[in-house]
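> sequence first, predicted model second:
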Amino acid sequence: MRIYAISVSDRKGVRKGNVGTAVLRAGHGLESDAHAGPWHRQVSLLARESIEKMVGLGLAVGPGDFAENITTEGIDLLSLPLGRRLRLGREALVEVTQIGKECHERCSIYYQAGDCVMPREGIFVRVLAGGAISPGDAIAIVEDGDGHEG
């Protein structure tokens, strides 16, 4: 289980650009991203495997194209219950706050990519402890409320 890509944008509802390293800030989210702030959807995660499903349907898409902040690999995001904590890299700790989302209208991503998998297969987290993260960093499921891996 690892971070496959990290993506940010300065506006909501648009494809995000990939970055090499980013900083998660406690109670805020990913620095330099439009979704950061004091709310429950500070950071979005989407599995590389979900993006590959869209590629299999003929869409030319990749990490960040569904406006996700962190593209993961090797973890079943939809199996994580609300409140589950994840360690990202060495220091960052996040908590699952929402699974999927309701889109009331089709966003620009839908029109650019032809579909948007984020509402069905993406999850959202809030940042409990900050830290720098990079592609390739490990993702660990934290089993207890103290932030220790089980």
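Thanks, I have the structure now. Residues are numbered from 1 along each chain as shown.
> helices or strands up against the longest helix along the chain?
Across the chain, the longest stretch assigned as helix under DSSP state H is helix 48-56. If contacts are counted by 3 or more CB pairs under 8 Å, 6 or more residues apart in numbering; DSSP states H and E, helix 48-56 sits against strand 70-73. Yep, even glycine has a C-beta here, placed from its N, CA and C like the rest.
> low-confidence regions, the chain specifically.
Within the chain, the segments meeting pLDDT under 70 span 102-116, 119, 144-150.
> repeat the analysis, applying 50 as the threshold.
Low-confidence segments of the chain (pLDDT under 50): 150.
> quick one: the strands in it?
Assigned by DSSP state E, the strands in the chain fall at 2-8, 17-19, 22-25, 29-30, 43-47, 70-73, 85-88, 92-99, 123-129, 131-133, 139-142.
> which elements pack onto the second one?
Put plainly, it is strand 17-19. strand 2-8.
> cool, the fourth one as well?
The contact analysis (3+ CB pairs under 8 Å, 6+ apart) places strand 29-30 against strand 22-25.
> would you point out which residue is most central in the protein?
In the chain, the centroid-proximal residue (CA atoms, centre = their mean) is L45; its distance is 1.7 Å.
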